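> Got a predicted model here, sequence first, then my questions.
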4 protein chains.
Amino acid sequence: MAYFQTRTTPGRHFLQIPGPSNVPDRVLRAMDNPTMDHRGPDFGVMGKMILDKVKKVFQTESHVVIYPASGTGAWEAALVNTLSPGDRVLMCETGWFASLWREMAEKLDIRPEFLKGDWRRGAEPARIEEYLRADKGHEIKAVCVVHNETSTGCTSRIAEVRAAIDAAGHPALLLVDTISGLASMDYRHDEWGVDVTVSGSQKGLMLPPGLSFNAVSAKALKAADQAKLPRSFWDWKPMIASNATGYFPYTPATNMLYALDTALDMLLEEGLENVFARHDRMAEATRRAVRAWGLEVQCQEPRHYSSVLTGVRLPEGHSANALRAAIVERFNMSLGNGLGQLNDRVFRIGHLGDISELQLMATLSGIEMGLRIAGVPHKPEGVRAAMEYLTGNA
Amino acid sequence: MAYFQTRTTPGRHFLQIPGPSNVPDRVLRAMDNPTMDHRGPDFGVMGKMILDKVKKVFQTESHVVIYPASGTGAWEAALVNTLSPGDRVLMCETGWFASLWREMAEKLDIRPEFLKGDWRRGAEPARIEEYLRADKGHEIKAVCVVHNETSTGCTSRIAEVRAAIDAAGHPALLLVDTISGLASMDYRHDEWGVDVTVSGSQKGLMLPPGLSFNAVSAKALKAADQAKLPRSFWDWKPMIASNATGYFPYTPATNMLYALDTALDMLLEEGLENVFARHDRMAEATRRAVRAWGLEVQCQEPRHYSSVLTGVRLPEGHSANALRAAIVERFNMSLGNGLGQLNDRVFRIGHLGDISELQLMATLSGIEMGLRIAGVPHKPEGVRAAMEYLTGNA
Amino acid sequence: MAYFQTRTTPGRHFLQIPGPSNVPDRVLRAMDNPTMDHRGPDFGVMGKMILDKVKKVFQTESHVVIYPASGTGAWEAALVNTLSPGDRVLMCETGWFASLWREMAEKLDIRPEFLKGDWRRGAEPARIEEYLRADKGHEIKAVCVVHNETSTGCTSRIAEVRAAIDAAGHPALLLVDTISGLASMDYRHDEWGVDVTVSGSQKGLMLPPGLSFNAVSAKALKAADQAKLPRSFWDWKPMIASNATGYFPYTPATNMLYALDTALDMLLEEGLENVFARHDRMAEATRRAVRAWGLEVQCQEPRHYSSVLTGVRLPEGHSANALRAAIVERFNMSLGNGLGQLNDRVFRIGHLGDISELQLMATLSGIEMGLRIAGVPHKPEGVRAAMEYLTGNA
Amino acid sequence: MAYFQTRTTPGRHFLQIPGPSNVPDRVLRAMDNPTMDHRGPDFGVMGKMILDKVKKVFQTESHVVIYPASGTGAWEAALVNTLSPGDRVLMCETGWFASLWREMAEKLDIRPEFLKGDWRRGAEPARIEEYLRADKGHEIKAVCVVHNETSTGCTSRIAEVRAAIDAAGHPALLLVDTISGLASMDYRHDEWGVDVTVSGSQKGLMLPPGLSFNAVSAKALKAADQAKLPRSFWDWKPMIASNATGYFPYTPATNMLYALDTALDMLLEEGLENVFARHDRMAEATRRAVRAWGLEVQCQEPRHYSSVLTGVRLPEGHSANALRAAIVERFNMSLGNGLGQLNDRVFRIGHLGDISELQLMATLSGIEMGLRIAGVPHKPEGVRAAMEYLTGNA
């Protein structure tokens, strides 16, 4: 018997983790169309439509490579296409995912150097600049930054990172992970001079997990010619060659592409500016609720606040995991757990993707009721504060 | 271009009218299975499964006739199968739908007599008893009562109506409309001695509109032998005959039956007792919110409160329609309008079917914010009152 | 457990009955969108889009009333809106469905007169004309004709019937059932001077059963003012009044309307001319297969051949039901049974709706193999004959 | 506008390539359920259900690793988990996919040695044994064989390959690609002593592309401890560790897992033996059709016939691509193209997955009609030959 035949919880599940986000019905219904021949004449037409639209979301005119794989794979792709065994790269410890990316680099025989961080702010351009200036021999081949750190709710200001690299006069590539930032917050691959942008399907793109992306600059493509890490599945070159006619060098995840096609339509119909403004609004309402509860936002630097998720710290002596367990059990809502050093100290509220003000209010109500049920000290004023903000009388 | 290709509102629509209710994904996915041969060998197997399960929801061991038609049709079916032109019937003015049923009776050449009501309570058994006692000649052929008046949020206590008819020693049939009550509130066709129960698919049964029902007592079946109103589509007899083997005398709404099959599973898996308790809980939370806003519940008799919907009166000089318009425009939530004499005075909150506490909180938050936006005087305490009730510290 | 969780037959079911027809995926996916508020602002927009498009398929500029009910209901609607108890009507015995319509008329207190037929051709205009000429007092209020007799595969030529009525100088209304003809064969409500056209969703419109239609001429609307049969659910007037703004007087079958919206798009995108030509082609290929098998087509009059279905007679002493049972058991394909006097003598092949040449070839192959398995004498040349026709070397 | 809103071809597409195969509706409807939290309590329950069932299809009690990636990735996974840069491996040139796997090995710094083949039969155990006997120093670390060569329709007999390795007394690992063979033909990971089995979702498993698999023997796991190729995304160890509780180390392709859950149910409900027998039957019917047309089956060794697909050679001077183009244009059916050296010489018929006898007959009819339309010399006897075989009078 299939798992879905066993569920009897009434009402909708609230998937308020910072991704996967809630997939809109319109996308689910696109995804379940019959699989088509990925070598047939129709496929190329669809492929070109999608590849064209997806560039708009990355704000690039360069190549966007689409992998039939989840986001972790696109991290690997960014590294193996541009680097050689033993290469030094500069990474910034913004949180758990930055740390995982670094671990991955080590497993792939790259030598990451890690700018330590406290997981409460984004990457610091000044320190990057300083570090690169010290690298007189230009041995550092790439700077790797996480745009939106899904484990903390802190963002890094990519345009400033670019400026820092330029100020140092350093030729390193700039590799950026915006797996959870893309299509929720402004992101400009070309304008910000990013060389490789890494992203995934299950966040702002409002798809299930199963697709991931590399946007690739001309400089990155040139670097690929020299890069010696072995690669085949992740290799950009055959991808880009096939994409020219709307096809893929090996079997793509056809039904996920149907979903992507429709999700891109939805984003472009709403307008990226509006999408970003909506996310900003959800995030500010959430932070006001958190403060009204008397709790602390994990991100300490307002310029680094994420519009995708909010990490919330629990008072000393209280368990974030117990809170989340109470909420999923009683209210059928999933919240993100604290990762790594934040385990049990922090929970994360996802407010991204296909979300409206009422879905946010359901989310905040569930948390406020959960705090009561779980016995976490708080003032029951968060929901009201969010409503005041949303109705403009804050 | 199809209508659904034109929508770009982000997030889910909140369909908080008192029906159609939100259809669960599991039901939508059952409904979209390929249509099958309604005369083939498989159909009879499915038909018998469904006809067997549906009886449990009506709490009857008698026949339940399923029409491939929306609920208004089942009203007509109840009348034309049991009555003859010129027959007198007693109806109770509980609200708009009771009034519409009466209009229908008149259009069908029946002579309804109407116990006047103020639309703020259910039918009154004592007045029914009195009326029937006065009908010495037993000319009144049927008593028609709306179990859950969808226009007001007042219920009629059917067991007490039955007792009133019996106390009067009157042989009239008891016809009950529980289009919006079934599968949300306790309803006992057999135990309460109902002769014809009328219901529909799009409320507690959590289906789209398009199916409707008559549960039929032995006494009603016997009455049908004498009833002279012309009938063909609505005729019970060929239905009951075909149903014996799981088939229907004319083409059934096959895909709606798939949906019904699954919805019945969901109700029986949750357990009817739990379904009713959940609805009671949603309703009480809602009423507490309404009172905390300083607004008035339309139903004035606590014993008659509906667990399906709550009618809310607006202060004099304020427009319920303007409020609803503001809410659907800004928050993408549909609320029920005031019907007939309640137009613009009352709005109705549906809290039925596949609904959870968080969906209710989203609903109440949307209303509280809507009251503010629309400039309706209120205290912003409703959401908090509901949360207090739901978390047990009321 | 829901019925659909119990099926394990590999591959697709071939639903080759003359309706319900195979519902296209695009329609199923439209139908399973979340139910919306049928009184909300969006609904009217959709309603008007649909009501506008549906007229094109009936080839009318008059009203098309859409019932949330299956096709049998629309038969009833045509009668109760135009006639009074005791009215005489002329009906034509083209087959089982014409006979059922006549039975319905009798149940509704109408007095049908029945032009006898042999179930092997359509209605005969000359006999209609003769009959009407004899009705000097113009007591006959309506002529009722089945355009496409689903039980036999014979069509009636409606333009000729209209001409016959006119030639007789008779004022009777012309009521036409094209439940199974619409959107598969050319049908012109306005040009052919039809007063009420009856149709249903589950045939050429490629929807599941659950919607039905009356296209209504101005003359029919005027007749409705005098018609005294009781009616409420089926009453045109409130429908037409509400439809003016895209709404319905009582709850419509919302999700079926989503499906209709999309099915109409598909028909108009293909082009009605192309739809009809495709059906003609399927029908001719089928008839050639039947003849090549050495079997007899039920319809004896080539001008009356249906492009929707083909009735096939079995040789004396062989059971059509046994053949169909063998085919559904072994090949998972449903064929239509012989109805009434044709029971067990005839089987019916549906080749309508969302069907392609390969689906037809699968159908014909299944029949040819079924004939062998069931031991029905035949020449195994039908599939080949159909392929020759389809590839133009017939 | 999304691609699927632009299609107007009537009827179903016939996807008769050798994968992706036609995805059953039951699977599509499982896949489009809302995405869930892959770290929540429910997920582990589902994960364990799936991981348990999938082993039955591989006929193994060892680990089956599921990648959120298409099949090409699982090829890479098999190599990078077991081998080190510069390792020699023995590969067998069974066709295009074997050649691609070899290319991949080279890109990954492995040194493949290639037993030449003529693309008309499977791998030859005797030659493998001979080759391994010559490798006295046991420098060859793995033998890589394609079980079902999707480019040719030739299978390799894996049990015999295992016996050959054992007869040579060689310790090489046995890596087998059964991407297109699994769940269509008998495959026994444990009994046949395979070390790594590579498979994908879009063939016999009846899913869209987007999942792939490695079944891993204890010996392969031990080899992984020594293997020095860099790996992170493909690394078995974290997968197996997380799988123990039903979870995954990074975001899985959740909705594809829903689909897998249901597809496994369907396979186990039908019974693997029955699934294999059905495929054998489809393949034999197809080959008889090919011969009756007077064409040649690409596979020359009957013991190596594939039950998944049949490669068909065209007469000299005729273009397989022109034939396929004519068929997809006219009949809306996709056939597989000839790959590599077989381009334009061969077309491939997929008869795998959710396929029935009538779907096969549609397929063969489309080809027979296509041969006529495209002017390819043939006898129009193929369809008849297939029907004779299927009805047992061959």
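Now that the structure is in, tell me what you want to look at. Numbers count the residues shown, from 1 in each chain, chains lettered A, B, ... in the order given.
> Can stretch A:367-375 be said to contact chain D?
No - Stretch A:367-375 is not in contact with chain D by C-beta under 8 Å from any C-beta of the partner chain; minimum separation 14.7 Å. Backbone N, C-alpha and C define where each C-beta goes, glycine included.
> Show me what counts as buried in that stretch.
Residues A:367-374 are the ones in stretch A:367-375 that count as buried (16 or more other C-beta atoms under 10 Å in any protein chain shown).
> Now render the residues you listed as TSV, adding secondary structure and pLDDT.
TSV is the format used below for the buried residues of stretch A:367-375 (DSSP: H, G, I helix; E, B strand; the rest coil; pLDDT from 0 to 100):
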residue	secondary structure	pLDDT
A:Ile367	helix	98
A:Glu368	helix	98
A:Met369	helix	98
A:Gly370	helix	98
A:Leu371	helix	98
A:Arg372	helix	98
A:Ile373	helix	97
A:Ala374	coil	98
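> Let me know the closest of these to A:Pro171.
Taking C-beta to C-beta as the measure, A:Ile367 is the one of the buried residues of stretch A:367-375 closest to A:Pro171, at 46.7 Å.
> ok now do that closest one, which residues does it touch?
Contact analysis of A:Ile367 by C-beta atoms under 8 Å, 6 or more residues apart in numbering or on different chains lists A:289, A:327, A:335, A:349, A:382.
> Could you dump those into a markdown table with neighbour count added?
Below are these laid out as a markdown table (neighbours: other C-beta atoms under 10 Å in any protein chain shown):
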| residue | neighbour count |
| --- | --- |
| A:Ala289 | 28 |
| A:Ile327 | 25 |
| A:Leu335 | 28 |
| A:Ile349 | 28 |
| A:Gly382 | 24 |
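> List the ones among the residues you listed that fall in strands.
Under the assignment DSSP state E, the contacts of A:Ile367 contribute A:335, A:349 to strands.
> could I get the contacts of A:Ile367 as JSON lines with pLDDT?
Output for those, formatted as JSON lines (pLDDT from 0 to 100):
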{"residue": "A:Ala289", "pLDDT": "98"}
{"residue": "A:Ile327", "pLDDT": "98"}
{"residue": "A:Leu335", "pLDDT": "98"}
{"residue": "A:Ile349", "pLDDT": "98"}
{"residue": "A:Gly382", "pLDDT": "98"}
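> Now for the closest residue to A:Asp42 other than its chain neighbours: which residues touch it?
Leaving aside its chain neighbours, A:Asp42 sits nearest to A:Met36 (6.3 Å; criterion: C-beta to C-beta, 6 or more residues apart in numbering or on different chains). Neighbouring residues of A:Met36 by C-beta under 8 Å, 6+ apart: A:42-43, A:254, D:13, D:15, D:20, D:334.
> change it to 7 Å
A:42-43, A:254, D:13, D:15 (C-beta atoms under 7 Å, 6 or more residues apart in numbering or on different chains).
> wait, which of those is closest to B:Trp236?
Using C-beta to C-beta, D:His13 comes nearest to B:Trp236 of the contacts of A:Met36, at 44.5 Å.
> Which residue comes closest to that closest one once chain neighbours are left out?
Closest to D:His13 by C-beta to C-beta, 6+ apart is D:Asn332, at 5.4 Å.
> Please report how far that neighbour lies from D:Leu352.
Separation of D:Asn332 from D:Leu352 (C-beta to C-beta, to the nearest Å) stands at 19 Å.
> Please apply the same query to A:Tyr131.
Look at A:Tyr131 and D:Leu352: by C-beta to C-beta, they are 55 Å apart.
> which of those two has more neighbours?
D:Leu352 (31 against 18; other C-beta atoms under 10 Å in any protein chain shown).
> which residues touch stretch A:302-314?
Taking C-beta under 7 Å, 6+ apart as the rule, stretch A:302-314 contacts A:18, A:121-122, A:148, A:150, A:152-155, A:180-181, A:184-185, A:279-280, A:283, A:286-287, A:290, A:295-299, A:320, A:323, A:336, A:345-352, A:376.
> Which ChimeraX command selects the buried ones in these?
Here is the ChimeraX selection string for the buried members of the contacts of stretch A:302-314, based on 16+ other C-beta under 10 Å:
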select /A:18,121,122,148,150,152,153,154,155,180,181,184,185,279,283,286,287,290,295,296,297,298,299,320,323,336,345,346,347,348,349,350,351,352,376
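> Where does the residue of the stretch 201-350 of chain A found nearest chain B fall, secondary structure wise?
Closest to chain B within the stretch 201-350 of chain A is A:Glu269: 4.2 Å, counting by C-beta to the nearest C-beta. Here A:Glu269, judged by DSSP states H and E, is contained in helix A:254-270.
> for the strand or helix carrying A:Asn274, the distance to its chain's centre please.
For A:Asn274, the host element (DSSP H and E) is helix A:272-293. Remark: helix A:272-293 is offset 17 Å from the chain centroid, using C-alpha atoms, centre = their mean, to the nearest Å.
> who's in contact with the helix or strand following it?
With elements assigned by DSSP H and E, the helix or strand that comes after helix A:272-293 is strand A:296-297. Residues from elsewhere that reach strand A:296-297 (C-beta under 7 Å, 6+ apart): A:287, A:290, A:310-313.
> Contact residues of the stretch 251-394 of chain A facing chain D?
Where the stretch 251-394 of chain A comes near chain D, counting by C-beta under 7 Å from any C-beta of the partner chain, the residues are A:251-256, A:258, A:261-262, A:265, A:328, A:334, A:337.
> Out of these, which two sit at the greatest distance?
Pairwise distances across those peak at 36.1 Å for A:Thr251 and A:Val328 (criterion: C-beta to C-beta).
> What is the neighbour count of the residue of the stretch 251-394 of chain A found nearest chain B?
Closest residue of the stretch 251-394 of chain A to chain B, C-beta to the nearest C-beta: A:Ser356 (2.7 Å). For A:Ser356, the neighbour count with other C-beta under 10 Å is 22.
> which non-adjacent residue is nearest it?
A:Ser356 sits nearest to B:Gly11 (C-beta to C-beta, 6+ apart), 2.7 Å away.
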